[in-house]
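Enquirer: Model the following, please.
(chains A and B)
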Amino acid sequence: MGITDAIRRSHHEHEAPDVLGDLMRGTLDHCVKCTICETFCPVSNVTPLFPGPKTVGPQAERFRVRGEESADHSLDYCSGCGVCTQVCPQGVHIAEINTQARAKLKERDGFSLRDRIIARPPLLGRVGTPAAALANKTLANGPLRLLGEKVLGVHHKAAVPKFAGRTFQGWAKRHQSPPAPRRVAYFHGCGANWYEPAVGEKTVGLLEAIGCQVDVPRGQACCGLPLQSNGQFEAARKYVRAMGKTLAPAARAGVDIVGTSTSCTLMLKREAREILDLMEDADLKVVSEHMYDICEYLVMLHDNGGLALELQPLPMTVTYHAPCQQQGHGVGKPALELMALIPELRVIENEATCCGVAGTYGIKREKYDIAMKVGSGLFAQIQDARPDVAVCDSETCRWHIEGATGVRSVHPIEVLHHAAGLSGDLQREA
Amino acid sequence: MKPDVVVVGAGLAGLSAAVRLAEAGASVRVLAKGVGSTHLSAGTIDVLGYDADDRRVERPLEALAGLPAEHPYGLVGAAGVSTAVEWFKGRIADGPRAPYAYVGDADQNILLPTAVGAVAPSAAVPETMAGGDLRGGARVCVVGFRALKDFYPALVADNLSRGADGVEARSVELDLRPEGRADPSALAYARGFDDDAFRAEVVAQVVARLAPDERVAFPAVLGLVSPHEVWSYMEHRLSRPVFEIPTLPPSVPGMRVYATLGQLLVRAGGRVVLNTIITGAERSGDRVRSLRARVGLRELTWEPQWVVLATGGFSAGGLELDSHWVTREVALGLPVEGAPPPGEERFRAAYFGGQPMDRVGVRTDHDQRPLGEDGGRMLENVLVAGATLAGAAPWREKSGDGIALATGFRAAGLIGGGATDRADDVATTRA
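Expert: Below is the predicted model of the structure:
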């Protein structure tokens, strides 16, 4: 069907519900084609395979009407970092429109086995955790990784996390948070649960040290963000609704929820509701109103005089990279403000927008080279700075940065925890 | 979040104010809906190109005296404009793209070719454009790229030959695409020029096609990261003056300004926070106590000591004329001056002639504090800068860059320089 036919058909079907939802799609009428988004797009700036967010978004969207094939399959090369939406001076939800369009594309073309697997961290976690030693050996084995690339499509050089062999949830079940005047709930995410339980334990420890009683709502699984990024919207809705149900009681009781996985806190703050068209879900609504990224929350406490924390001098050098999804929170860079409280700590702020990995994007066979090219500026800055550690709020970015630079990468909370005298060493997992 | 200063708007006015404040030791956050005017501008600093009678201005500082008293330049004065332009040149020259620098000053305009081959007066311009001053005549070869949709060398050359005295121009079009891109933008070409191999290929294709006494014009894509190096290389390899002509947006010279000021801000401990829409303020007495910011589905509160409002005019969305014909300043709801009363003419058919809405904006006192409906100072800790100010017609006067820069720079000085006793807090707060 040609373009004119498509437009005619869309006019005839105007009474049918808008496939993308009025909220997101309506904003594209504000696009003035200034192409500012394309000047900031980390992907289109390094590869001609992706023509840019305006081209595949507000421009192509006009030709994607109900039941119509996407005009342009290059859409799949969008990494979903969301920078386009952040820089748009007209308020167009470019990244969200593109995520929705990609889901339509994937739905039609079918989901690959790889995308089904890597988008389900709990599945991987349940398989890998009990046999962590074997699983980690397998993932570190060159020939097996080459086989994995061939069969599954996960690039053999892509940094994949190590299973911790224990879960944060297991620790939390045994842990009793002492009563304290302020209560917070902790949303740990898959990263802390399966791979970096120390990040979760340190978060709880730090919150307790500043006078919070920490609840860890039972049964937290996955927020559905990887499924959403991989276009599997039906499954993503199922996951995030379950997460909403798990966290809603705390929110309804007026308890603030903090998370250490910055992309997942953004998912629950707004992305799920906007992108997955779940604006009216009552659980998600109340959760989104009470969700904070951990550093945002601590700065808020600090501003109100509620961050009673004695910080020891840390005579070391760290770099700080604010991940794209953290920037999507629109709260500045609270991690920098927290680290500025630590005496003698030298913090070098990286002047780069994206590390390239964008969740699961950069581990895919066909996208790994792009991800490395996107991140090359950041990697060079980190290596030039010769830091003790590279600080970053997002787990997938940390793994990618570590893999590319060989520099250990930690969550800002780990630095604070160490400076508060609660942990001895930043180099090793506790 | 309680920085010393929140600057609302990330255009030239907001960034100038923010960099100056941050470098003086204040903690500064720039809140903006998105990235704006820099990417859409030519990257030149136009101070005053045309006077109140639409006559071309040769000496901008002298001509300021002839503007109406209520013009924003009346707040700044000729000496203030000159200081601001020199400050800007100094910051660019010291910035991360050094030795990339601006040349010219606010005393004297030069005439540079535009993207359609007209000539336009500018005061301070990137060194990479200065060779385009064609007063006194010149022979020019305008080089373009077939795949670059935002620059037509034949159009530029024809119009220059017709309209500029003593200029003889012709064009050459190259079929070169960076990385083999199907639809390369000005930015893709700029990144191409940043790469040794690409610019060497351009030289190889151009060098034999030049007449001995021709200057060479390129679209303004001679590098984003290292424009000085690229431009020097081209002049050296082609053994003649080379200059850039602005393209349609997105403007690479504008991106250099945004990136340079942004990096200077970060290095001074400041920050730009995007995707943030200021929807109002809580006041106590004549002070703004906090700003309400909408980010996605959430509302955040910022509690600065000072606010610099630099959200721009109608085109940037800082001012709005709604479907009920109500004119408003969108962030703080400040009174707007100059809109014709209900029922009177608002627009005229001659688009580029004077428009009744031309000079609409927020009126301030001499210290750039907004005036209330009663004509008195309305808010003590809010300063207004740039295109939000009433009294100018920047697109006719070619004065937008100068107003943004001079009033943004001055707002920072008023805050840091003892405008009230609270300024001491700002001056002594250093991370």
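
Enquirer: Point out where chain A drops to low pLDDT.
Expert: A:1-25, A:65-71, A:428-430 (pLDDT under 70).

Enquirer: Next one: the closest residue to B:Gln108 other than its chain neighbours relative to B:Arg135, how far apart?
Expert: Spatial nearest neighbour of B:Gln108, chain neighbours left out: B:Arg59 (6.0 Å); criterion: Cβ to Cβ, 6 or more residues apart in numbering or on different chains. All C-beta atoms are positioned from the backbone trio N, CA, C, and that covers glycine. Noted for B:Arg59: a distance of 14 Å to B:Arg135, by Cβ to Cβ, to the nearest Å.

Enquirer: Quick one: the helices in chain B, in order.
Expert: For chain B, the helices defined by DSSP state H cover B:12-23, B:37-40, B:60-63, B:73-94, B:153-163, B:186-194, B:196-206, B:227-238, B:252-267, B:394-397, B:400-416, B:423-428.

Enquirer: which residues touch whichever residue of the stretch 251-400 of chain B sits closest to chain A?
Expert: In the stretch 251-400 of chain B, the residue that lies nearest chain A is B:Val295 (3.3 Å; Cβ to the nearest Cβ). When contacts are counted by Cβ atoms under 8 Å, 6 or more residues apart in numbering or on different chains, B:Val295 touches A:329-331, B:275-277.

Enquirer: one step back: of all the helices of chain B, which one comes closest to A:Pro181?
Expert: Ranking the helices of chain B by distance to A:Pro181, with Cβ to Cβ as the measure, places helix B:423-428 first at 31.0 Å.

Enquirer: Could you tell me which residues within the helix or strand containing A:Gln100 count as buried?
Expert: Using DSSP states H and E, the element containing A:Gln100 is helix A:94-109. Neighbour-count burial for helix A:94-109, counted by 16 or more other Cβ atoms under 10 Å in any protein chain shown, picks out A:94-106.

Enquirer: again with stretch A:406-418
Expert: Quick answer for stretch A:406-418 (16+ other Cβ under 10 Å): A:407-418.

Enquirer: returning to what we had before: which members of the contacts of B:Val295 occur in strands, if any?
Expert: Residues of the contacts of B:Val295 located in strands (DSSP state E): B:Ile277.

Enquirer: now the strands: where do they sit in the stretch 251-400 of chain A?
Expert: Using DSSP state E, counting those that start in this stretch, the strands of the stretch 251-400 of chain A run over residues A:256-259, A:291-293, A:317-321, A:346-349, A:389-392.

Enquirer: do you know how far B:Gly80 is from B:Phe409?
Expert: In terms of Cβ to Cβ, B:Gly80 sits 8 Å off from B:Phe409.

Enquirer: Give me the more crowded residue out of these two.
Expert: The neighbour comparison of B:Gly80 against B:Phe409 (other Cβ atoms under 10 Å in any protein chain shown) goes to B:Phe409, with 24 against 17.

Enquirer: That one is in contact with B:Lys89, isn't it?
Expert: No: between B:Phe409 and B:Lys89 there is no contact under Cβ atoms under 8 Å: 12.0 Å.

Enquirer: Roughly how far does the closest residue in space to B:Tyr233 that isn't next to it in sequence sit from B:Ser226?
Expert: Among residues not flanking B:Tyr233 along the chain, B:Arg199 sits closest, at 6.2 Å (Cβ to Cβ, 6+ apart). Here the distance between B:Arg199 and B:Ser226 works out to 11 Å (Cβ to Cβ).
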